[in-house]
Each structure stands twice: as C-alpha cells, then as structure tokens.
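Enquirer: A structural model of the following input is requested.
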Amino acid sequence: KKVAEFVGAAGAGVIAASLSHPLDTMKTCMQGDIEQKTFKSMPETASALLAEGGAGRFFRGWSWRTSRMILAIFIMGQCKNLLPPIFFPSKFSEKADK
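Expert: This next block holds a predicted model:
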C-alpha cells in the first residue's frame, strides 16, 4: 500500500512541478531583480529567459523542486491517513463502527 501511495505522490508531484515550474522561475527572477533592470513584467521576463537559455531555462532547478513536491505530497497523504485516529479517537473506535 505504501508503494502505491508513493507512486501516486510521485505522479502528482511530477505533474504539479512541471506545470508550475516555468511560472515560478519567472516569478523568482522578477523577485530577484529588485530594481527591475532585466525583468520588468511577465512577458519581458519570459522573453529574456528564452533569449538567455531557450526553453530549458524555464526548467532549471526542476529536479529539486519536483523531488520536494513528491515528498511533500507523500507526507501530506500519510498525515491524512495517520493523524485522524490520533486526534479523533472516538470516531475510529469499535463503538463508532456500530
């Protein structure tokens, strides 16, 4: 069961990271350029990143972010499964089943 849960978390993490990483890269570049010398707006940032390194520039750091998302999703799933009986034992006792 844990293997299936981890595979599910891996799939969800890869999809979530792949869809959000390019926009997150642009946001991070804009936040780092406080004086807005290079990255002024989203379209200008996208053009600058594309010119700087092609489409691959939008995915720099993808593996680290994806790994973090996979682990976060797996941990959230484990918390969802393991914590309710601890916090709400009356809802998970044998009496509650009857």
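Enquirer: now the strand or helix carrying Glu5, how far from the centre of its chain.
Expert: Using DSSP states H and E, Glu5 falls within helix 2-32. With Cα atoms, centre = their mean, to the nearest Å as the basis, helix 2-32 stands 4 Å off its chain's centre.
Enquirer: so what does it touch, helix or strand wise?
Expert: helix 42-53, helix 62-82 (3 or more Cβ pairs under 8 Å, 6 or more residues apart in numbering; DSSP states H and E). Where you see a C-beta, it was placed from the backbone N, CA and C, and this is true even at glycine.
Enquirer: pull out the buried positions in it.
Expert: 6, 9-10, 12-13, 16-17, 21-22, 25-26, 29-30 (16 or more other Cβ atoms under 10 Å).
Enquirer: what residues are up against the residue positioned nearest the centre of the chain?
Expert: The geometric centre of the chain, computed from its C-alpha atoms, lies nearest to Met69 (Cα atoms, centre = their mean), at 4.0 Å. By Cβ atoms under 8 Å, 6 or more residues apart in numbering, Met69 lies in contact with Ala12, Gly13, Ala16, Ala17.
Enquirer: just give the nearest non-adjacent residue to the first one, would you?
Expert: Which is Ala12. Nearest residue to Ala12, sequence neighbours excluded (Cβ to Cβ, 6 or more residues apart in numbering): Ile73, at 5.1 Å.
Enquirer: same question for the last one.
Expert: Nearest-residue entry for Ala17: Thr66, 4.0 Å, with adjacent residues in sequence omitted and distances by Cβ to Cβ, 6+ apart.
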